[in-house]
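S.K.: next comes the sequence, and after it the predicted model I'd like to discuss.
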Amino acid sequence: MFIKQHQQLLSKYKLTNKPTKYENIFEDKLKQFNIKYIKQKGFLKEANTCYIADFYLPKPFKIIIEIDGKYHQDRKEYDKQRDEYFMFKRGIKTIRFTNEEAECLSLEQIKDRVFNGK
């Protein structure tokens, strides 16, 4: 029962979280690294709370990549709490890029930030 509810909740959130132009641009770059990733990965926090990550790089990386548009400028506290939840409760690091960074950064710059922490 719980698994079915979980799947329904994730499906609902995924339908409302269509990728942006900048997420698509970033994905084109991410594909060039030839690593496994999941786009629009849903994480159930509690019964009715679901977080959708723009991109999730599973083990061995355990990294969430978020592409933050103008919408996130007013959500800094929420994003901070969400990032802390993933780090401290799930052991998953969150890396954030602005729309402009997603569009303009080179593959080398993205690689440095995601995999080398620069």
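M.R.: Right, received. Where do you want to start? Quick caveat, the model's predicted, so the values are computed rather than measured. Numbers count the residues shown, from 1 in each chain.
S.K.: please report how far residue 70 lies from residue 89.
M.R.: Using C-beta to C-beta, to the nearest Å, residue 70 is found at 28 Å from residue 89. Backbone N, C-alpha and C define where each C-beta goes, glycine included.
S.K.: how long is stretch 20-39 from one end to the other?
M.R.: 12 Å (C-alpha to C-alpha, to the nearest Å).
S.K.: off-centre distance for that stretch?
M.R.: 11 Å (C-alpha atoms, centre = their mean, to the nearest Å).
S.K.: quick one: buried residues of that stretch?
M.R.: Buried positions in stretch 20-39, judged by neighbour count with 16 or more other C-beta atoms under 10 Å: 22-23, 25-27, 29-30, 37, 39.
S.K.: spatially, which two of these are the most separated?
M.R.: 22 and 37 (16.0 Å; C-beta to C-beta).
S.K.: leaving out chain neighbours, which residue sits closest to residue 83?
M.R.: residue 94 (4.2 Å; C-beta to C-beta, 6 or more residues apart in numbering).
S.K.: give me the contact list for the helix or strand that neighbour falls within.
M.R.: If you go by DSSP states H and E, residue 94 is part of strand 93-98. Contacts with strand 93-98, where a contact means C-beta atoms under 8 Å, 6 or more residues apart in numbering, come from 26, 53, 62-69, 72, 79, 82-83, 86-87, 105, 110, 113-114.
S.K.: got the CA coordinates for it in PDB?
M.R.: Below are the C-alpha coordinates for strand 93-98, written out as PDB (Å, rounded to 0.1, in the frame of the first residue of the first chain):
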ATOM      1  CA  LYS A  93      25.500  16.400  -1.600                       C
ATOM      2  CA  THR A  94      23.600  19.100  -3.500                       C
ATOM      3  CA  ILE A  95      25.300  21.300  -6.000                       C
ATOM      4  CA  ARG A  96      23.500  24.200  -7.400                       C
ATOM      5  CA  PHE A  97      23.900  26.000 -10.700                       C
ATOM      6  CA  THR A  98      22.100  29.200 -11.900                       C
END
